[in-house]
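Asks: I would like to see how this sequence folds:
(2 chains)
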Amino acid sequence: MQLYVNDEPVLSEHNTLSALLESYVSTEQRVAVAVNQQVVPRSLWSDCLLKDNDRIDIFESIAGG
Amino acid sequence: MSLTIAGHTFSSRLFTGTGKYANQEQMIASILASGSEMTTLSLRRMDLKAGSDNILKPLQKLGVKLLPNTSGARDAKEAIYAAQLAREALETNWVKVEIHPDQRYLMPDPIDTLKAVEELVRQGFVVMPYIHADPVLCKRLEEVGAQCVMPLGAPIGSNQGLASKPFLDIIIEQSNVPVIVDAGIGAPSHAAAALEAGADAVLVNTAMAVASHPEMMGKAFKLAVEAGRMAYESGTGKVQQTAEASSPFTEFLKELV
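Replies: Prediction:
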């Protein structure tokens, strides 16, 4: 299925968010993830089913004032 | 001397930011020297190729409270989205709302800030809004449940000091929530002046980060904020136009004439 991860087109076999994220995010990394601009809490990643053309955004903390 | 916001007590009235440091070691050393107990962070989409610079670990080790901001948000909708992401990424319901549609002056949008704060309070956030030094807006934000107000001294990163001082004075007089002067503070003397005037705290980033010696500057801000607060609590004297002798006139002086 065709997905977009941080705007990058990705062809993925994974149909859950948790499976997709395994290749991007390590378990101890603190990130926030949104699917089509809806925040998905970490506890729900494995229940979140992806569909064609979903846009997944992964956010992390950076320095800022 | 302590300051309480949303049930959390801070013994330092200096809040800091993590931006603009030359490297992480200087950032940590500067924040540590400043005695600051809360520091701000931003949120960005991860660069999937470059990997992350992992700013969190050293800050967590330092034990400071992390305050995510909504920097980059151009309207209320984006700010609310950023706050929800930050809550997830940093496991905190505290957020500094900043909405600036204009990149040149980074002036905060008062209308969208009010909208965002109202909604985020409803969603259970502890909201700290960055705003212009507008006394009316501060009261409106207080009414919708902002836990403090963060009026600017001058444009972000401009180092101009308390250009908004007459309006900060009105805000401090009227506010029932803590007033934290944010932005524009370019030197420890500016921070001391804010605290002397009765501001509850200041937020400093650029002035510490771009100093030639960020660690020493962190310490200088710590001392300035402590001195400013002590002066406020001690009660400063009245300003007047004419002189008032500090030494009593004596008979000796009269005899000289």
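Asks: Up against chain A, what does the stretch 101-250 of chain B have?
Replies: Taking C-beta under 8 Å from any C-beta of the partner chain as the measure of proximity, the stretch 101-250 of chain B contacts chain A at B:156-157, B:203, B:205-206. Yep, even glycine has a C-beta here, placed from its N, CA and C like the rest.
Asks: In the strand ranked longest in chain A, which residues are buried?
Replies: Longest strand of chain A, by residue count under DSSP state E: strand A:55-63. Neighbour counts over strand A:55-63 (16 or more other C-beta atoms under 10 Å in any protein chain shown) mark A:56-63 as buried.
Asks: ok, that strand near chain B or not?
Replies: Yes: in terms of C-beta under 8 Å from any C-beta, part of strand A:55-63 sits within range of chain B, namely A:57-63.
Asks: Can you report the mean pLDDT over the residues of stretch B:80-96?
Replies: Across stretch B:80-96, pLDDT averages out at 95.
Asks: now, which of the residues of strand A:55-63 next to chain B sits nearest residue A:21?
Replies: residue A:58 (7.4 Å; C-beta to C-beta).
Asks: ok, the residue nearest to the closest one when sequence neighbours are not counted - how many residues close by?
Replies: Excluding its sequence neighbours, the residue lying closest to residue A:58 (C-beta to C-beta, 6 or more residues apart in numbering or on different chains) is residue B:46, at 4.6 Å. Other residues lying near residue B:46 total 22 when counted by other C-beta atoms under 10 Å in any protein chain shown.
Asks: Residue B:191 now?
Replies: Neighbours of residue B:191 (other C-beta under 10 Å): 33.
Asks: after the helix or strand harbouring it comes which helix or strand?
Replies: Element membership for residue B:191 (DSSP states H and E) is helix B:188-196. Next helix or strand after helix B:188-196 toward the C-terminus (DSSP H and E): strand B:201-204.
Asks: what packs against the very next helix or strand once past that following strand?
Replies: Past strand B:201-204, further along toward the C-terminus, the next helix or strand under DSSP H and E is helix B:206-209. Here helix B:206-209 touches strand B:14-17, helix B:24-34, helix B:214-234, going by 3 or more C-beta pairs under 8 Å, 6 or more residues apart in numbering or on different chains; DSSP states H and E.
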